[in-house]
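Peer 1: Show me how the following folds:
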Amino acid sequence: MAEIRSGQMDLTRNMKQTLTYWAPSSTTDINGKPTYTAPVQLICRWEDQQNQFYNKKGQEVVSKSRVFMVDDVDIDGYIFLGTSAEADPRKVSGAWEIQAKGKMPNLRNSQELTTVTL
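Peer 2: Got it, this is the predicted structure:
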């Protein structure tokens, strides 16, 4: 993460929540299902609100939540509001697959905000 200088807005100042993120790995299990990296905890701002968006297949769908963070994440990864040590995110009640994401730098281009759609 870029250093924040005096007078610059820190994008993380309103990120008071913790999420658990599982990145998709490049391997599959013996049944051909995707596997995931070990879970990591990140700070975020999680908003439960419905918005229409286009998923990676180009279909118009309605989201469950929107999540703001400064860390980069991958579409097809999973996130969960809170902490979890479970290796498989599909076994975690309340873990959601990342359907879409966007990135935007702050005005000084010193930090980048990632917006995730679930």
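Peer 1: CA only for contacts and neighbour counts going forward, please
Peer 2: Fine.
Peer 1: Counting neighbours, what do you get for L11?
Peer 2: When neighbours are defined as other Cα atoms under 10 Å, L11 has 17 of them.
Peer 1: got it, and the one 3 residues further on?
Peer 2: If you count neighbours by other Cα under 10 Å, N14 ends up with 11.
Peer 1: which residues touch Q49?
Peer 2: With contact set as Cα atoms under 8 Å, 6 or more residues apart in numbering, Q49 has these partners: S63, K64, S65, R66.
Peer 1: Among these, which one sits closest to Q41?
Peer 2: Q41 lies nearest to R66 out of the contacts of Q49, by Cα to Cα, at 17.2 Å.
Peer 1: those strands in the protein, which residues are they?
Peer 2: 17-22, 24-28, 34-36, 40-47, 52-54, 60-62, 66-69, 78-81, 96-97, 100-105, 112-117 (DSSP state E).
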